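Undergrad: Have a look; sequence and predicted model below, questions after that.
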Amino acid sequence: MLARHNDPIAAIATAPGRGAVGIVRVSGASVAAVIEAVCGRALKPREATYLPFRAADGSAIDQGLAIHFPAPHSYTGEDVLELQAHGGPVVLQLLLARCLEAGKANGMRVAEPGEFTERAFLNDKIDLAQAEAIADLIDASTEAAARSASRSLAGEFSGEIHALRDALIHLRMLVEATLDFPEEEIDFLQQADAKGQLERLQQTLARVMLRARQGALLREGIKVVIAGQPNAGKSSLLNALAGAELAIVTPVAGTTRDVVSQTIQIEGVPLHVIDTAGLRDSQDAVEKIGIERAWGQIETADAVLFLHDLTRQSSPDYLCGDVAVAHALATRLPRAVPVIDVWNKLDAAPSAHVARVAGHDSITLSAKTGAGLGALRQKLLDVAGWQSAPEGVYMARERHVHALRRVESHLMEAGALLAQRAQALDLMAEELRLAQNCLNEITGEFNSDDLLGVIFSSFCIGK
Ligand SMILES: Nc1nc2c(c(=O)[nH]1)N(C=O)[C@@H](CNc1ccc(C(=O)N[C@@H](CCC(=O)O)C(=O)O)cc1)CN2
Ligand SMILES: Nc1nc2c(ncn2[C@@H]2O[C@H](COP(=O)(O)OP(=O)(O)OP(=O)(O)O)[C@@H](O)[C@H]2O)c(=O)[nH]1
Ligand SMILES: [Mg+2]
């Protein structure tokens, strides 16, 4: 283990700024010295004691509650001291400085972001998926996201991963045993129904992946870019979706130049909606920059709303413009990004125009009156892949979904190799081993220091 993992650490655990109560938390070998210096008396384990927190000169920094959690029964698994003081930034800084001074002889330092939780992970209090769930719970921006993070923190996701891993280990044992007794191979595998075991494993994996994808969606959301010719009503649509006058709307074509973005939520799924400059050939230097920015957004979108003006469907120029935009979208979009045709200004459009677009896989609406917005919201959820699972979603991250995809492809390989029998069984065993490694990456039983660095450094300070 790296040396830094043994340093005693201290930090303000509560949010910066003023609050009713603020907590300074200390973890590691010098907790006893800090108790002695700051509290001046012994503390009963896990019991709150009201006392003055003493400065070096003996005066009181504050009166508060001190709690000692002797190792290993603490958040980090190390000795932990909590000083619950009044929640002012200055008093908390004084208290933190006092703790650092008291722990100086043991090398106490200020904790890095996420370091308390990292210790909880390193001391086997929680696994990596649970540690990530703590950060996701704190960062949750919707109720659905918070509930799913809480499920993952309670171990629901990790539990499913462990169940998958156990089934995988069972199958691996079977295959590896067969390798040792090649002549009995066919019987062995058939009797134990290796094929059936593998299939059941794949089915369970598919269910876990579905729920994990939903969780990742709740956490990360999708980026939806509104694109189209000038004046189609893109800014009006952003405002209608957001329920606020965010972007400037005027009858002048070429109003929007800067990218305007807003995160909205539909059924708890965050959608990062981006309004962009109207797409056309322009000689205006400022507008040209706006259009380039629009393309920058479009090219990184998860979904594009291609907005059309229903009132202008009999203008050849307008229709040519739309064809040009459609062509540009088809050539410039890097991947298979879904493009949703949205026909706006339903309220003002001649019924012949409406009839012409009806029946296609498209949405007609009015950003002005709000008609049709419900259908658009539903369409966005569909495109995002949202299916509110009845049993509840647990929080997962893209990292987890990627690992599960790799498990899936190793299992597919294993299935193909099983079908080939004798020559391929050692390769099948190897695929199963690789699949197990991917599962272990999720819970952190198999990982690199780099990965841990990336995960824990994104926590807030004191966590
Ligand atoms: N005041 C305070 N509130 C807090 C925390 C904290 O550190 N301090 N937490 C932190 O962020 C969260 C709670 N997490 C915690 C997790 C484990 C233990 C703990 O003492 N575990 C022991 C004993 C378990 C038991 O008695 O069942 C252990 O695991 O052995 C404490 C807090 C949220 N609320
Ligand atoms: N009747 C009607 N007018 C609309 C509707 N949506 C937008 N408009 C009008 O269309 C004009 C252009 O709207 P904007 O939202 O600024 O259009 P835009 O696509 O953002 O335009 P640029 O920023 O120039 O590309 C404004 O006068 C809006 O009031 C609608 O649903 N019905
Ligand atoms: Mg606009």
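TA: Yes, it's here. For clarity, every value in this text was computed on a predicted model and none was experimentally measured. Ligands and ions are numbered 1, 2, ... in the order given.
Undergrad: what about the longest helix in the chain?
TA: In the chain, with assignment by DSSP state H, the single longest helix is helix 194-220.
Undergrad: which of the residues in that one are buried?
TA: Buried residues in helix 194-220, counting neighbours by 16 or more other Cβ atoms under 10 Å, are found at 194, 197-198, 201, 205, 208-209, 211-220. Where you see a C-beta, it was placed from the backbone N, CA and C, and this is true even at glycine.
Undergrad: With stretch 165-174 instead?
TA: Here stretch 165-174 shows 165, 167-168, 171-172, 174 as buried, counting by 16+ other Cβ under 10 Å.
Undergrad: Distance to ligand 2 and pLDDT added to the residues you listed, as a markdown table?
TA: As requested, the buried residues of stretch 165-174 are exported to a markdown table (distance: Cβ to the nearest ligand atom, whole Å; pLDDT from 0 to 100):
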| residue | distance to ligand 2 | pLDDT |
| --- | --- | --- |
| Arg165 | 51 | 95 |
| Ala167 | 53 | 95 |
| Leu168 | 52 | 94 |
| Leu171 | 56 | 93 |
| Arg172 | 58 | 91 |
| Leu174 | 62 | 87 |
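Undergrad: Now do the same contact list for the nearest residue to Gln387 once chain neighbours are set aside.
TA: In space, and not counting its chain neighbours, Gln387 is closest to Gln214: 6.7 Å by Cβ to Cβ, 6 or more residues apart in numbering. Residues near Gln214 by Cβ atoms under 8 Å, 6 or more residues apart in numbering: 148, 385-389, 393.
Undergrad: Out of these, which comes closest to Ala416?
TA: Ala416 lies nearest to Gly385 out of those, by Cβ to Cβ, at 27.3 Å.
Undergrad: For burial, what's the neighbour tally of that closest one?
TA: When counting by other Cβ atoms under 10 Å, one arrives at 14 neighbours for Gly385.
Undergrad: next one: Ala13
TA: Count around Ala13 with other Cβ under 10 Å applied: 21.
Undergrad: Same question for Ala429.
TA: 20.
Undergrad: for the one 5 residues further on, same thing?
TA: The burial count assigned to Leu434 is 16, neighbours taken as other Cβ under 10 Å.
Undergrad: Which strand or helix spans it?
TA: Using DSSP states H and E, Leu434 falls within helix 425-443.
Undergrad: contacting residues for the residue in the stretch 251-400 of the chain that ligand 3 sits nearest to?
TA: Of all residues in the stretch 251-400 of the chain, the one sitting closest to ligand 3 is Thr256 (3.0 Å; Cβ to the ion). By Cβ under 8 Å, 6+ apart, the residues touching Thr256 are 234-235, 247-248, 275-278, 290.
Undergrad: Could you pull up the residues touching the closest residue to ligand 2 within the stretch 251-400 of the chain?
TA: Residue of the stretch 251-400 of the chain nearest ligand 2, by Cβ to the nearest ligand atom: Gly278 (2.7 Å). Listed by Cβ under 8 Å, 6+ apart, the contact set of Gly278 reads 228-232, 234, 253-256, 291.
Undergrad: So which residues on the stretch 151-300 of the chain come close to ligand 2?
TA: Residues of the stretch 151-300 of the chain lying close to ligand 2 (Cβ under 6 Å from any ligand atom) are 230-236, 249-251, 253-256, 277-278.
Undergrad: Give me the buried entries from the residues you listed.
TA: 230-236, 249, 254-256, 277-278.
Undergrad: Out of those, name the ones that lie in strands.
TA: Using DSSP state E to define strands, no part of these is located there.
Undergrad: which one among these gets closest to Ala419?
TA: Taking Cβ to Cβ as the measure, Ala419 lies nearest Lys234 of these, at 52.5 Å.
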